[in-house]
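Asker: I would like to see how this sequence folds:
(one chain, ligands or ions: 1)
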Amino acid sequence: MLLKLAHLSQSLLQVFDNQSASSFSNTSNLIDLPDANEWIYLLIETSIPVPHPIHLHGHDFYILADGDTTYNESAVTLNTSNPPRRDVALLQSDGYLVIAFQTDNPGVWLLHWYVNLLSARSIWTVLTKL
Ligand SMILES: [Cu+2]
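Answerer: Okay, the predicted model is just below:
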């Protein structure tokens, strides 16, 4: 939990200091989304054999696909017809999750999984246009 808060506060301070997304280090796990009202599609995959609840702060997202294998674009049909809308979804063990959301809420938001909260690999910062 401390790492999660430290990660967010570091990102907020950088934004407060008017630092651009390019000033973030590679270890910041930054997803820079500079354009407002754009649809964003994220494919999240894991090779860890444990299911991971994924939580995106600041936005609801649509679950377009999920599975317990490696993502195969030619074998997966995205559900774009009334897909479930959530802010948390389960990433299956050794699986994938495809989500979509619109950049309609400017800010600095966390995207994280709930397993192994003390790992920096479990936390990303989503920066939408301020
Ligand atoms: Cu959360």
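Asker: check the secondary structure at the residue positioned nearest the centre of the chain for me.
Answerer: The residue lying closest to the centre of the chain (Cα atoms, centre = their mean) is L111, at 4.0 Å. Under DSSP: H, G, I helix; E, B strand; the rest coil, L111 falls in the strand class.
Asker: next SSE downstream of the least confident helix or strand in the chain by mean pLDDT?
Answerer: Here the helix or strand of the chain ranked lowest by mean pLDDT, DSSP states H and E is helix 2-16, holding a mean of 57. Downstream of helix 2-16, the next assigned helix or strand under DSSP states H and E is strand 30-33.
Asker: in that next one, which residues are buried?
Answerer: L30, L33 (16 or more other Cβ atoms under 10 Å). C-beta coordinates here come from the backbone N, C-alpha and C atoms, glycine included.
Asker: centre of the chain to it, how far?
Answerer: The chain centroid and the centroid of strand 30-33 are separated by 9 Å under Cα atoms, centre = their mean, to the nearest Å.
Asker: CA atoms only for it - export them in PDB, please.
Answerer: Extracted in PDB, the C-alpha atoms of strand 30-33 (Å, rounded to 0.1, in the frame of the first residue of the first chain):
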ATOM      1  CA  LEU A  30       3.400   5.700 -17.200                       C
ATOM      2  CA  ILE A  31       0.600   5.400 -19.800                       C
ATOM      3  CA  ASP A  32       0.400   8.800 -21.300                       C
ATOM      4  CA  LEU A  33      -2.900   9.600 -22.900                       C
END
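Asker: elements contacting it?
Answerer: Applying 3 or more Cβ pairs under 8 Å, 6 or more residues apart in numbering; DSSP states H and E, we find strand 30-33 packed against strand 123-128.
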